[in-house]
Every structure is written in structure tokens, then in C-alpha cells.
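S.K.: This is the structure alone, sequence omitted:
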């Protein structure tokens, strides 16, 4: 037990990757074995992260469950892992969504082995970013997460996959470039990549680097970070890779893209940009708020203008992540005040909540796509009498996405609005227009898929639409349960987030 | 059990019923409705016990039943939620519990429980009827609703929302209940989603009310950040109110309190279907009739008014906001009444009547008549629920006739197809008459008279003559269209064979009608003003009770003969004229009031469609998606790609190919080749020549060395 406690993070982190390597030696034709192996391999980290969650002390400051191993001593980088309330929430989200995504992929029959392996590698990549307390490690995992997703889109995606995967890869790489540069500069400045040390020494750094004053260097790093994270979130107008990548990715890929990968960008803002650059963040917060408002409004409108069901859901991510960014902007502008902390609580909870509802929505789109091989909203309509259970689940999840009070999205959006209202009044007020149109596109989705006279095209013969099956319900059940629980009793998770926010900002 | 615990428990049975029906009993219709009605009964029971205890507390306004818990951690403090029963919410709880229970019971009969399955019924469309064989010949009878269990699940969820809203002690859970009701309204309007009209009406209702809701949420955020709390108790602290009333805002010169009030009020405009967001309510009649009665007459639309009454101490601080409220309310009251006179659908008349009556309450609040608004809210809930259920009963009876005659071209909701129903459906007729008279404000006996009279008195007494006149005009129209409705539906002779074969509905539908008609009469008597007719009666119980919710008990406005006279003239006059005009009208063609502008509701749907709906669609699809995202942003991105490709091919063509390959690479080879070719002649194979060349080179080097070394 002691070993478990002291190595919990590295176990969670590397278990999926090691399992993926083990999978290499499994026979490639035994699809059933491969699927179950991958599922179990992703369930163990989930179980471990539950242990992590319950072993975590929310009221303590700083990182917990820290581990440090020598990695690249010559340049001052070590494998330093740790979690606080902020990263713990994201770790939980990741380890929860990965098994669900793998379970969702049980219907994949094409090259099951590499497919499942990529998911496991992806999980390690994402977890590493959240756990890293060392900037170089942060970057390494950041890039590791990118590669499996590229192949998942490129190999298992739908019609326009080449364009989408290339756009996704190049765009994110373009951001990573600045991120790497920024991290290198920090390493050069402080002689270490350890985030805890850098944070501690932050203000004491004086003088020149490569002939430039430190303050200039810091501003350069600030912008390098901001652009990298802005692309990843994505903040409007860096968002156009998202609808393409999400739409073309296989269902489970979209689930993780929307569920976790987008959170990496927001996490970067919270972990690096805001704590390290309170001054710069404060002076550019208005721009961030403006872009957040644009994302909320234009994201909602663009979603409303879609005829492709999956693209509609993809654009809803732009809309929802806009609230995360609005919260971050408010927090940056008024750091230290209660309003800022409330906005921050809202932003972090919104990250978690969006992970649940977006993953659910993408999965539900996938369920129907798998059966009909189309995502065109105009070909649906009147499916409710054919698939009543699916319809009920879709309405439930859509309402979570819409931010219906009583479900999770409302709590986080309300906190963001409440926190940013006194700080960024006009932006918040205009963002409410986006909230209005969130309703419009969600209802459009329900109307075009479920409502209407019974759809004869999918009612008979070989095209007969079959009801959502047990496995698919099992994928949705945990998501729906959490959506409801957080909507009714958010304190259990907000308590962890709130404590982290109190310590961090 | 303590009263506080009981209050917490009131909303729970319906939500449990919802989950039970959805998850477990959805295939068993009898079990589903038993659970739903049972849950409504439990909530009703809890509500009655709480109400009984509440009226037993002498100073309930000062010391209400209240209890709260920590809900959300916010920085270093908590956002609390809790329950509260003060005189206002006790009075509201009373009517909500009664109407909900009655409507649940009514739904059993309305959805044709006990009838056979339909011949061709499918989920998503109203039941079409079933063929049965009796005494050797076949005939059609109504069939059971195919989504019977789902209906009870939805209305249970709705009941949860309404009870939550009523027992809340804060704006946040009020908003939660408010939105859950909005969802249920959407789901139930679109209950028969197979109909295109229902599909669109559902979205229209949700979106229109949501316009109000986002403003309301903004108002809530404003109140929360300004006062640090959302509980009524904290917001209504005198010093907090004083600050809010004095702090200015940059918008329209309103005080903070005024702006908050205005934002919240916009929420009410949406929810209570006030002008200019009234357009959704008439279309909402696409839903099953119990839904129209419960959601779109008695409870949900009343919730908007309830919220303004609840927040009255805050909203009433700014006279500008109060003026806006009074203007919107009285305008809506008259405007909707004018539309109602030209409608032929029995439910649509009631829908416009609801909008108009809600306008009365809003106008009352605008002139500061706190108690009168609450009073009319409650009496209206009773008699309007009664009227809607009555109209549902009429439609049901007509549907029976339509199925019996087999003439499916007859619209069972069009009043011109009815006539003479008083003999076929006596219980429905008498209860509808009571409801209609209450709505018209028939003097002394009906509840509507007392509550409407109080609004007139307050409007007149507070010097708002314009409001008074407008409301009086609206009251005349109300009595007129109500009598038109009663005359066309129940009096005279049947105008179609379907009406001739209409049949009284089962007990599950008539019992609620009878119970509600008791309240439609009796509830007025709890609010008879003390100095009515200049007499010295007992103080009005309702005024004393509900008025004590406020920190300062509002003064009762003195009795006025002018007001009473007006009240009598408009009510009786309207009823009489309505009867006079319509007693002999046989078809819509003979009706002089079928004026296009009224029939088409002043073309608001068309105007909104042109101004808002179509442009947003264009903005979303063409501007944002096609032009901005696909054109501009992706265009810039792709141009990066193009530039990179151009740079790449330039590097390839002009550097790699030209300089490196051709010049350096190939060039080196060329030079080597050239040199080799040209040096070939000296390798002739003749020794003498080699010797000679060696000697020359040797001498040249020696000379060079000598020259360099000696010079240095």
C-alpha cells in the first residue's frame, strides 16, 4: 500500500502507455481480447485516480502526491509530478473519459490493435500535461498527446480526414513552437525547468538574457504561451481547426478531443499564464474578454448555421469554451478579489462540465451516425418514435449542454457570469446573447433529429434505425449521472476547485 | 415533523415520480399515473399542512418558516439555498397545490385512460380513435394516448419545478424552478412532436421566454454581486435596499435597484407572456389541454408575476421601473383582449385572455398594488385553470362527437362548430359558466369580481387614472369575449352533427372542474375589503395576511363608488352585449369582428419573423459560418498554407534546383568534367613530354619558393 501511495501519480500516468506496449504482443485478430484489454487497462488508472481523489487533502496548499525522478539533469529537468485541486479535477476527467471512449469504440472493427494502442498513448499524453510540475516534461507530454490524435483522425476519420488531421497537426504544432521557445527561455533564465522553483524565484530574476532585459524576455514568453494555449482552447479566431478535426475524427476521438484536449489549453492559462504573468495578463485581459465574447456569440451562431449534426456539436464547444475564457479573463483582470475567484471556480468547473456534456453529445452523434452513415440534419427528423430511449438521452444531454438549471452546465456558467459581471460588465452582458443562441442551436438539433412526423426513411427494412444498445447506454450512464449530480450538488467538486483557486490566485 | 423539514419535502414527490416513471414504470400506464397522481397528492398534502400551520402563526411575515443550507463554495464564503414560507408563498403554495392536484387527476381522463389502443396511433401524434364492436356494429371511440406514461412523467417534473419555485428562499433556486418549468413547457408544447405546428410552437415558446431569462439571469448576477447574497431576506434588509435605491447606474438614469428590477422584469415579460414577448403563449396551445391549463394559465405563467410580487420591495424602489411595469401591464391587458374577441379556437380565446389577465396583475404591481396583484394572481389561477379544463372537456366531448359521426373535417376546437352543448355536457357547462363569470368579474359572487375590483380601486385610488381607464376598457372586452365564447359554445342549437353527438366527460375530468369552480367563487370572499359599500365589515383576511409579508403593511385604499360603478358596468355590460351579439350568429361569416388585423394578432408573428428570425438565420449560416469562418479566417489560414507552399517551391526552384543543384552541384561536375577534358591532351603517354612538364613545374616552384623565402 505504501508503494501505491508514494507512486500513485506515476502509476496512473504510465499504466496506459505500458499497457499499450504490452498490447503490441497481443494477436491482432483477436478484436474482442484487444478491446477488453484496452478497457481494463484504462479502467485501472480510473480506479487509481479515484483513490487519488479520496486521498487528496483539499484544504492543503501546493502540490500533493509529489514524485521526482532524475530525467535530464544536465539541463535541469526532472520528471517532477504532482497534483493540486486544479490538476486533480482534470486528471479525474481524463481517466473517466478514456475508458468511456474506449468502450464507445467497441464497434470499431478496422485495425483494432493500433486504434486501441493510440488511445492508451493518448491518455498518458494528456495525463502527463496535467501532472507535470516540470516545464520540459509538460512540453513533452503536450506533444505526445498530439501524435496519437493525429493518427486517429488521419486513419480512422471520415471523408475529409486528411485535410482535418493536417490542419489540426500543423495548427497545434505552430502553437507548440512558441511554447517550446518560451519554455527554453525560462530554462535559460532560471537554470531549471522545475515549475515550483521557477515560481518561487520568479520575481527575483533580474538583468539581461542574450542582451535583452528580463522584462522583455518575459513578455516574449508570455505571448508565446498565450498563442500556444489560445490555439489549443481554442480561442476565437484560432478556432477553425476545431470543427474540422472534431467532425472528421472517429466518435471516440471527438469525445476525447472535446472532453480533454481542449482543456489542455485552458489548463495552460490557469497553470502557467495567470500565476506567472499577473501583470501582463491583467493588461491584456480586456482583449481576452473580447475574444471570449466573440467565441461565445459567433460560436453559438456558427453552430446554429450548421446542417451537419456533428459540426453543430463541434461549434458548441467553441461557444462553451468561451465561458471558460471569459472566466479566466475576469480572474486575470481582478486577481485576488472574491469576484475573480468565483469566476475562476466557474471556469474550472465549466472545463469539467463541458468535458462531460461534450463527450456525451459527440458520442450520441456517433451512435446515430454509425447506424445511418449520415450526419446531415435534413435527413433526420421524426426519429423520436423509432428510438425513444436514445431520444430521451439526447434531450437530457442537450439540456446539460444548454445550461439548464438543475444540470451541471448551469452551475458553472452561472458562476462565470456572476464572477465576471462586476469585473467585465459589458462583455458579460453581450455574452448573454450567446447564451440565448446556445438555446437556439440546441433546440435546432433536437428538432431536426427527433421531432417531426415519423421518419419513413429510417423506419423500415435494412435501414431501420435500431435503438441505442446496452453498451452505449453504459457509456452514457456515468456521464449523465455526473451531469445530474453536479447540477444538484456541486459542492463536492467545487470544494476542491475552490480551495485550489484560493491557494493559487 | 418540523414545518421546515416538511417544506423541504414538498417538491420531492413529483421529482421522484418523474424518475420512477422514466426509468421503471414507463411501460405500465396505470402504475405511471398512480405514481404521478400519488406524488401530486403527497405534495398537496404537505402543502396543505404547511399552509394550515402558516395561517396559525400570528406574525408569519416577521418570523416566516425558513431554513437554508450551504450549496456552492464561493471563494471564502458559501452560496446558500433554502426554503421559505412567508404569507405570500403560503398563499401561493395553497393554490399551486390545489390546481396541480386537480390537473393531474384531470389528465387521467383527458388522456383517455381506460380506452382501447388506437387503430393507427403512433407516438408523437394525438390519439386518433379506435374502432370497437358493440352490439354487432362497429363504431369509433376515443383511444388512449400512446405516450401516456411520458405525459405523466413530464407533468411531474413540471410540478417539481413549480413547487421548488414557490418554496425557494432565494432567487437562484427560484430561477432553477423557473427554467425547469420552461423545459417542461417546451417538452409538453411539443408533446405531439409529429405535428409541424407543435414542433415549431415548442421552440418558439422556449426561445421567446429565454430572451427574458437571459436578462433575468443578468439581473440575478447583478443583485448577487451587489449584495453578496441571493436570499430574499438578505436583499430586503433596509440598509441594503437603501443603498441600491441611491446608487446610480449609467443605464437610462436608473438606480441600481431600478436596473435590477428592470432586468428581472424582462424575465417576467417573457415568462408571463407580456407585450412584446407575448407571441409564444397562443401557439403554446398546441400542447395537450391539461398542459395549457396548468402551465400556460395557472402556474408557470403566474410564476412571472409571482417573481415580481416576490421582489416587489426591490423593484418598487425606482419609479421609472414601476412606470415601465404599469405601462407594459395595462397595455398588454387591453391589447390581448382586443385579439381575443376575434379568435374562433376555444383555447386561443383563453390564451389571449390569460395574457390580458396577467397584464392586469403586472399593471397592478406597476401602480404599487401589491396585495391586489397577489389576490388576482390566485383567483385567476383558479378560474383560468377551470376554464381551460372546461374547454378541454368541451374539446373532448366534441372529439367524441367527431369520431361518432366520422366527419373528420370538423375541427373540434372551433367554436363555430359547437353550440347547444349545455344540454349535452351539463357539468362542463355550469362549471364553465362559473369560470367565465369569474373571469368577467360578475359582481359579488365570483372571485374574479373581488380581485379585479381591488385592482381598479388601487389604480384609481393611487391616481393612475390612465391605467384605470385602460384596465376598465379591457375588462369590458373580457366580459364581452367571454360571453361570446359561452354563447357560441354552450347556448343556442348545435351547429354541427358532431356537436349534437358530444358527450359529457368521465368523472376524472368533471370532479376537478367542480372543485375548481368552488374556488372560482369562494376564494373571492377571503378578500372582501373592510369598507365595501361604506360598510364596516371584518378586515379583509387576504389583505391582512399577504400584506404582512412586506416590512410595512400596505394601506387599504378607501372604497369608491366610481370604481364599483365602473366595475359593474363593464362586467355586466360586456356580458350582456356579448350575449346580445352572438346569440343568433350561426357561422364565422356572420361574425362582424373577424377583422383581419385582429385575427392575425396584429401581424406580430410576421413582423418578428422578418425582423429577427430570418436575419438571425442569415447571420448564423451565411455571415458567421460561410463568410467569417470559412471565408475570412480559413482564407487567412489557407493563405498561410499557400505562402508556405510558395516559399517552399521558390526554395526548391530558385535555390535548391538553380543554385545548389544546377550551379553548385551540377556546376562542380561540369567544371571537373571540363577540366578533365581539357587536361587530357597533356596525358599523351610520351615520357619526354612528361619529363619536360615536370621540369618546368619544378623550376616554377623552385623559383616561387626562392622568391618568397628570399624576399621574406
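M.R.: Perfect, I can see it now. For clarity, every value in this text was computed on a predicted model and none was experimentally measured.

S.K.: For whichever strand in chain A runs longest, what does the pLDDT average out to?
M.R.: As assigned by DSSP state E, the longest strand anywhere in chain A is strand A:64-72. Rounded to a whole number, the mean pLDDT of strand A:64-72 is 88.

S.K.: ends of stretch B:140-153, how far apart?
M.R.: Start and end residues of stretch B:140-153 are separated by 29 Å (CA to CA, to the nearest Å).

S.K.: The helix or strand in which residue A:399 is found and chain B, any residue contact?
M.R.: Assessed by DSSP states H and E, residue A:399 sits inside helix A:388-402. Yes. Applying CB under 8 Å from any CB of the partner chain, one finds helix A:388-402 touching chain B at A:388, A:392, A:395, A:399. Glycine gets a C-beta too; all of them are placed from N, C-alpha and C.

S.K.: Okay, the third one and residue B:535: tell me how far apart.
M.R.: According to CB to CB, to the nearest Å, residue A:395 and residue B:535 sit 57 Å apart.

S.K.: if we can go back for a sec, touching chain B at all, the very next helix or strand once past the helix holding residue A:399?
M.R.: For helix A:388-402, the following helix or strand on the C-terminal side (DSSP H and E) is helix A:408-420. Yes. Applying CB under 8 Å from any CB, one finds helix A:408-420 touching chain B at A:410, A:411, A:414, A:415, A:417, A:418.

S.K.: Excluding chain neighbours, what is closest to the second one?
M.R.: Counting by CB to CB, 6 or more residues apart in numbering or on different chains, the nearest residue to residue A:411 once its immediate chain neighbours are dropped is residue A:490, at 4.7 Å.

S.K.: those strands in chain B, which residues are they?
M.R.: B:65-74, B:77-85, B:130-134, B:137-141.

S.K.: quick revisit: residues contacting the longest strand of chain A, please?
M.R.: Strand A:64-72 is contacted by residues A:5-10, A:52, A:55-57, A:77-84, A:133-134, A:136-137 when judged by CB atoms under 8 Å, 6 or more residues apart in numbering or on different chains.

S.K.: The same query, at a cut-off of 7 Å, please.
M.R.: A:7-10, A:52, A:56-57, A:77-84 (CB atoms under 7 Å, 6 or more residues apart in numbering or on different chains).

S.K.: again, but for stretch B:72-80
M.R.: Taking CB under 7 Å, 6+ apart as the rule, stretch B:72-80 contacts A:338, A:341-342, A:345, A:411, A:490-491, A:494-495, A:498, A:502, B:68-71, B:231.

S.K.: got it, and stretch A:477-488?
M.R.: Contacts of stretch A:477-488 (CB under 7 Å, 6+ apart): A:96, A:100, A:353, A:356-357, A:359-360, A:396-397, A:400, A:406-408, A:410-411, A:493.

S.K.: what pLDDT, on average, does it get?
M.R.: Computed over stretch A:477-488, the average pLDDT equals 94.

S.K.: Buried residues, that stretch. List them.
M.R.: Residues of stretch A:477-488 classed as buried: A:478, A:479, A:480, A:482, A:483, A:484, A:486, A:487 (neighbour count, 16 or more other CB atoms under 10 Å in any protein chain shown).
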